[in-house]
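Colleague: fold the following, please.
(one chain, ligands or ions: 2)
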Amino acid sequence: MSVNSRFGRPVTDSADLVVHGRDAMPGAAAREVVVPGDKSVSHRALLAALLPTAPPVVTIAGANLGGAVRALLPAMRALGWSVEGDRTALVVRRADRPVAQTPRPHPTGGRWPDGVPYVQTEGSSAAARLLIGVLAGTGVDAVVDGDDVLRHRPMDWVVEPLVALGAVIDHLGEPGRLPVRVRGKVWRSGSVELLVGSAQARSAVLLAAVAARLPVVIKHPVRSRDHTERMVAAFGARLTESAHELRYDGGGDEVPGFFDVPADPSLAAYPVAARLLWSCEGETTVPGVCLNPTRLGFFEVLREAGADIRYTDERTGATGERVGSIVVRGGLNGVESVRVVDAAVLHSLIDEVPLLAAVAARLPGRSWIGCAEELRFKETDRLDTTARMVTAFGGRVEPAADGLTVVGGLPLRAGTVPGFEDHRVAMAAATLAMAVPGTTRVTGGACHRTSFPGFVEVQRHVGASVTEEARC
Ligand SMILES: O=C(O)C1=C[C@@H](OP(=O)(O)O)[C@@H](O)[C@H](O)C1
Ligand SMILES: C=C(OP(=O)(O)O)C(=O)O
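Modeller: Ligands and ions are numbered 1, 2, ... in the order given. Purely as a prediction, here's the structure:
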């Protein structure tokens, strides 16, 4: 078993993605492709069912059922909720009794408090951080833990502001990391300052405040994705927002009994990128996508650089999200390079950075993706793994402390490319491989299921030749 450098992540035996690349799209691409529900909205809808003002039954239609959202389901069962159903509808209700989870051994901690529920969120940082917020708002005593990778990701971004609001949270392993025990509720109304742009951190504090009906002011460096704000505002919480500040007045109505999750723009980005890389005829539409402006950076940056990407059929959904179609036409002719120099723009494409870098490798100019220091704390250090992935194609990416320079115009070649067991990096590699003649094997590419269970089928619909094959 080999090890991924930064997080000591064991490289698993998960299947590879094998892609037969071409320099032009074979025949016509599907005119329409459908991608799974939004991961962030799915997490928030599930956690809304744990809030004190939630009705006894909450139904969630169109949820993303990739590994990251699925990780939350046993966690909720361990807290005494039942979750049943499928992508069409998940139904959450209070259960007769909690379904206990088996604690994962910990190398330095390992003494779990007796009689306190142990809640495992696997590799999903959104699940862990938002859940810590909900527990700190509802005053439920529980231990929150994650897998070996998540145990290395920062939890102090969430824990410190919650403790400032009076929550009692103990680190049971390394300081600032999982596992943590949440054992005292937020109670001190006031102002907290977040030092990172993480939407998960802001959301955890807001969910805690809404659950506890505690007026708070959250100061933050950048307005990243605002799904939690839209959701709680849609159920009656009064929020006042300015560029770096969010005020919650302590009020709100009942959580609704029905959520409809729009499709995920960070997943729509892969078929859109495949189309652009092939410069093909006609157009492809991805319908029903969440068009929240805090999520559209990938499309906006490419559009500004000259790509033909449009939004149509826009409407507002019940939980305050804009929904509509993304339509892509033509290719990258005339697009010289891309540039991200603003923190809000970076956050609006934070999960698409590996894909944007892969696309930039096919542009003639030099691209820069900046304000991206947070990428070092994802499933992998994504500045490093993205650079290594593009380099494996023969491209050149120069990582800096806070971003990536992508040197365009170099000939790319097919071959064996590492996916680093990181779904975003693996899917970016497989998408770039579609437009590089020859056969590319993306090692461990089956990890796409963390966020995009139908990745292979969707990319085939737009003309890709991609299969999943056991590791050789
Ligand atoms: O709020 C969320 O659901 C998410 C926020 C982002 O993480 P950070 O909050 O760590 O930036 C994003 O990368 C992640 O995929 C989901
Ligand atoms: C980083 C991601 O998610 P999380 O932070 O929730 O693990 C992601 O989906 O790319």
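Colleague: which per-residue confidence value corresponds to the residue of the stretch 301-450 of the chain found nearest ligand 2?
Modeller: Minimum separation of the stretch 301-450 of the chain from ligand 2 (CB to the nearest ligand atom) falls at residue 351, amounting to 4.0 Å. For every residue, glycine as well, the C-beta is placed using N, CA and C. Listed pLDDT for residue 351 reads 98.
Colleague: quick one, what contacts it?
Modeller: With contact set as CB atoms under 8 Å, 6 or more residues apart in numbering, residue 351 has these partners: 266, 424, 451.
Colleague: just the closest of these to residue 91, please.
Modeller: Within those, proximity to residue 91 (CB to CB) peaks at residue 451, which comes in at 22.6 Å.
Colleague: wait, that closest one touches residue 71, no?
Modeller: No - in this structure, residue 451 is not within contact of residue 71 by CB atoms under 8 Å, at 11.4 Å.
Colleague: tell me which stretches of the stretch 351-472 of the chain form helices.
Modeller: Applying DSSP state H, counting those that start in this stretch to the stretch 351-472 of the chain gives helices spanning 353-360, 382-392, 423-434, 455-461.
Colleague: show me which residues of the stretch 301-450 of the chain are close to ligand 2?
Modeller: 351, 378-379, 424 (CB under 6 Å from any ligand atom).
Colleague: and the closest residue in space to residue 340 that isn't next to it in sequence, what's its pLDDT?
Modeller: Spatial nearest neighbour of residue 340, chain neighbours left out: residue 369 (4.7 Å); criterion: CB to CB, 6 or more residues apart in numbering. With respect to pLDDT, residue 369 scores 98.
Colleague: residue 369 bridge partners, please.
Modeller: Applying DSSP bridges to residue 369 gives these bridge partners: residue 340, residue 404.
Colleague: just to revisit the earlier point, want to throw the contacts of residue 351 into TSV with pLDDT?
Modeller: Output for these, formatted as TSV (pLDDT from 0 to 100):
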residue	pLDDT
266	98
424	98
451	98
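Colleague: closest one to residue 402 out of these, please.
Modeller: Closest approach between those and residue 402, by CB to CB: residue 424, at 18.2 Å.
Colleague: for PyMOL, what selects the buried ones among the contacts of residue 351?
Modeller: A single PyMOL command selects the buried members of the contacts of residue 351 (16 or more other CB atoms under 10 Å):
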select buried, resi 266+424+451
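Colleague: tell me the one of the contacts of residue 351 nearest residue 54?
Modeller: The nearest member of these to residue 54, counting by CB to CB, is residue 451 at 25.5 Å.
Colleague: neighbours of the closest residue to that closest one other than its chain neighbours, how many?
Modeller: Taking CB to CB, 6+ apart, and ignoring the residues beside it in sequence, residue 451 has residue 66 as its nearest neighbour in space, at 4.6 Å. Neighbour count of residue 66, defined by other CB atoms under 10 Å: 24.
Colleague: what of residue 139?
Modeller: Using other CB under 10 Å, residue 139 is surrounded by 18 other residues.
Colleague: wait, it sits on residue 184?
Modeller: Yes - with contact defined as CB under 8 Å, residue 139 counts as touching residue 184 (7.3 Å).
Colleague: buried stuff in stretch 311-329?
Modeller: For stretch 311-329, burial by neighbour count (16+ other CB under 10 Å) applies to 317, 319-329.
Colleague: looking at those residues, which are in strands?
Modeller: Of those, the ones assigned to strands by DSSP state E are 322-329.
Colleague: list the contacts of residue 237.
Modeller: Contact analysis of residue 237 by CB under 8 Å, 6+ apart lists 210, 248-249, 251-252.
Colleague: closest one to ligand 2 out of those, please.
Modeller: Nearest to ligand 2, judged by CB to the nearest ligand atom, of these is residue 210 at 20.2 Å.
Colleague: just the buried ones from the contacts of residue 237?
Modeller: By 16+ other CB under 10 Å, the contacts of residue 237 give 210, 248, 252 as buried.
Colleague: next one: phi and psi at the second one?
Modeller: Per-residue torsions, residue 248: phi -120, psi 130 (degrees, to the nearest 10).
Colleague: in TSV: the contacts of residue 351, plus distance to residue 75.
Modeller: Shown next, in TSV, are the contacts of residue 351 (distance: CB to CB, whole Å):
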residue	distance to residue 75
266	22
424	22
451	17
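Colleague: mind checking which helix or strand whichever residue of the stretch 151-300 of the chain sits closest to ligand 2 is in?
Modeller: Of all residues in the stretch 151-300 of the chain, residue 200 sits closest to ligand 2, at 6.5 Å by CB to the nearest ligand atom. Using DSSP states H and E, the element containing residue 200 is helix 199-212.
Colleague: and residue 425, how close does it get to residue 383?
Modeller: Note on residue 425: its distance to residue 383, by CB to CB, to the nearest Å, is 11 Å.
Colleague: between these two, which one's more packed in?
Modeller: residue 425 (32 against 25).
Colleague: surely the residue nearest to residue 340 touches residue 406?
Modeller: Yes - under the criterion of CB under 8 Å, residue 369 makes contact with residue 406 at 7.3 Å.
Colleague: give me the common contacts of these two.
Modeller: By CB under 8 Å, 6+ apart, the residues touching both residue 369 and residue 406 are 357, 360.
Colleague: list the contacts for the residue nearest to residue 162 when sequence neighbours are not counted?
Modeller: Using CB to CB, 6+ apart and skipping residues adjacent in sequence, the residue nearest residue 162 is residue 136, 4.6 Å away. Neighbour list for residue 136: 162, 165, 167, 169, 182, 184-186, 204, 208 [criterion: CB under 8 Å, 6+ apart].
Colleague: so which of the residues of the stretch 301-450 of the chain next to ligand 2 are also by ligand 1?
Modeller: Among those, ligand 1 is touched by residue 351 when using CB under 6 Å from any ligand atom.
Colleague: can you pick out the most distant pair from the residues of the stretch 301-450 of the chain next to ligand 2?
Modeller: Largest separation among these by CB to CB: 351 and 379, giving 10.3 Å.
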